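Asks: Below is the sequence, then the predicted model.
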Amino acid sequence: MCIRDRHIVITGGAGFIGHHATWRALERGWKVSVLDNFSTGKLENLLLPSGNIPGGLTIYECDIAEGPLPDIPNIDYLLHLAAPVSVEESLNNPDKYSKGIYHASKRILTWANERGCQSVVAASTAAIYGDTEDIPMKETNTPDPLSPYAEYKLEMEGVLDGYHSSTMQCAALRFFNVFGEGQPDDVGYVSAIPIFKKQYESYKPITVTGDGLQTRDFVYVEDVVEACFAAITRPNGGFEAMPVFNVGTGEEVRVLDIAEAFGGEIVHIDPREEQRRALADISLITQVLDWRPQTKVLQWIKEDKNA
């Protein structure tokens, strides 16, 4: 079977990262099956301008955490992106995150394994590193999750590792701060960029938490998708243990610099307890998968403003 004939299942395929992955997979000539409960994902993300579903795409509305899963045969790849994503909500409702991350991952991995899936990539998070002073963050750092969201993502990696084998290879990708087109500003977790963008376009002051000197590693959504595909199509073998890869840029950017890139009035609001620095060490994914980010956040903001 040539690589153009592959069949990929994408959980959360109507969401922010998921719909970008869906369109890129279709462009590769792959058959795509999307599993989404549409709690945050939007059907229109997957439709052509005519309102039709593109050829090669099948959409299944289902909840992978509970209820029946579709009987889809002949799966080559599983890209597991579906999960609740709010750190704050996870503190108030940890059971939702246990169910939506840990238990949902166990179900979908069992389901994929039963259907002969060859390769699985699952979205993890840089939040598992906690507020560490060990910068840049390496995959070998000792995890220190500070929220149920991060804790269950780390447990999900353990589940993934349990399924990693010569017949179904698995990998976890720890995403840093993802940004890009189509990022929602109305869901439980909203990063600084869509908030600032909405404020700027509404002619409102941009609100920066604290001094704005906290840093993040902002990685473009299309670069994230390419990292996912590089991991999922890697040659079988070569890893005794399940690989874990950071997906970032290896560059720190201050939140204040993001606000200033949009322009306009900036208002500082009361600081909150949050991580002061985040920076990915991406040497492993660069070396093993030959993946490198292509888009820098400040240049993207400038071009997006002028579009």
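Replies: That came through, no problem. Because the structure is a prediction, the values reported are computed rather than measured.
Asks: what stretches of the chain score poorly on pLDDT?
Replies: 1-4, 187-190, 237-239 (pLDDT under 70).
Asks: so where do the helices sit in it?
Replies: Along the chain, the stretches classed as helices by DSSP state H are 16-27, 87-92, 94-97, 104-114, 148-163, 192-201, 221-232, 255-262, 283-289, 297-306.
Asks: The longest one vs helix 104-114, what angle?
Replies: Angular relation of helix 148-163 and helix 104-114 on a 0 to 180 degree scale: 20 degrees, by axes from the mean of the first three to the mean of the last three CA atoms, to 10 degrees.
Asks: Show which residues not belonging to helix 148-163 make contact with it.
Replies: For helix 148-163, the surrounding residues in contact (CB atoms under 8 Å, 6 or more residues apart in numbering) are 83-87, 89-91, 94, 97-98, 101-102, 105-106, 109, 113, 120, 122, 124-125, 127-128, 130, 143, 145, 170-172, 241-242, 244. Placement of C-beta: from N, CA and C, glycine included.
Asks: that older thread, nearest to residue 57, of the helices of the chain?
Replies: Closest to residue 57 of the helices of the chain, according to CB to CB: helix 16-27, at 6.2 Å.
Asks: And the closest one, what's buried?
Replies: Across helix 16-27, burial judged by 16 or more other CB atoms under 10 Å covers 16-26.
Asks: Now tabulate the helices of the chain in TSV and tack on distance to residue 207.
Replies: Shown next, in TSV, are those (distance: least, CB to CB, whole Å):
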stretch	distance to residue 207
helix 16-27	22
helix 87-92	17
helix 94-97	27
helix 104-114	34
helix 148-163	23
helix 192-201	7
helix 221-232	24
helix 255-262	9
helix 283-289	34
helix 297-306	17
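Asks: Which one, of those, ends up nearest to residue 134?
Replies: For the helices of the chain, proximity to residue 134 was assessed by CB to CB; helix 283-289 is nearest, at 14.8 Å.
Asks: in the closest one, what's buried?
Replies: Judged by neighbour count using 16+ other CB under 10 Å, the buried positions of helix 283-289 are 284-285, 288-289.
Asks: Check stretch 256-264 too.
Replies: Buried residues in stretch 256-264, counted by 16+ other CB under 10 Å: 256, 258-262.
Asks: need those in TSV with distance to residue 69, can you?
Replies: Formatted as TSV, those follow (distance: CB to CB, whole Å):
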residue	distance to residue 69
256	45
258	39
259	43
260	47
261	43
262	42
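Asks: Name the nearest of these relative to residue 250.
Replies: Nearest to residue 250 among the buried residues of stretch 256-264 is residue 258, at 17.3 Å by CB to CB.
Asks: need the contact list for residue 137.
Replies: 126, 129, 246, 278-281.
Asks: what is it paired to in the beta sheet?
Replies: Beta-bridge partners recorded for residue 137 (DSSP bridges): residue 280.
Asks: again with residue 34
Replies: Residues in a beta bridge with residue 34, per DSSP bridges, are residue 10, residue 59.
Asks: still on that earlier bit, columns distance to residue 135 and neighbour count on top of the contacts of residue 137, output as JSON lines?
Replies: Compiled in JSON lines, those are given as follows (distance: CB to CB, whole Å; neighbours: other CB atoms under 10 Å):
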{"residue": "126", "distance to residue 135": "12", "neighbour count": "23"}
{"residue": "129", "distance to residue 135": "9", "neighbour count": "26"}
{"residue": "246", "distance to residue 135": "12", "neighbour count": "29"}
{"residue": "278", "distance to residue 135": "8", "neighbour count": "24"}
{"residue": "279", "distance to residue 135": "5", "neighbour count": "20"}
{"residue": "280", "distance to residue 135": "10", "neighbour count": "29"}
{"residue": "281", "distance to residue 135": "9", "neighbour count": "19"}
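Asks: Noted, bye for now.
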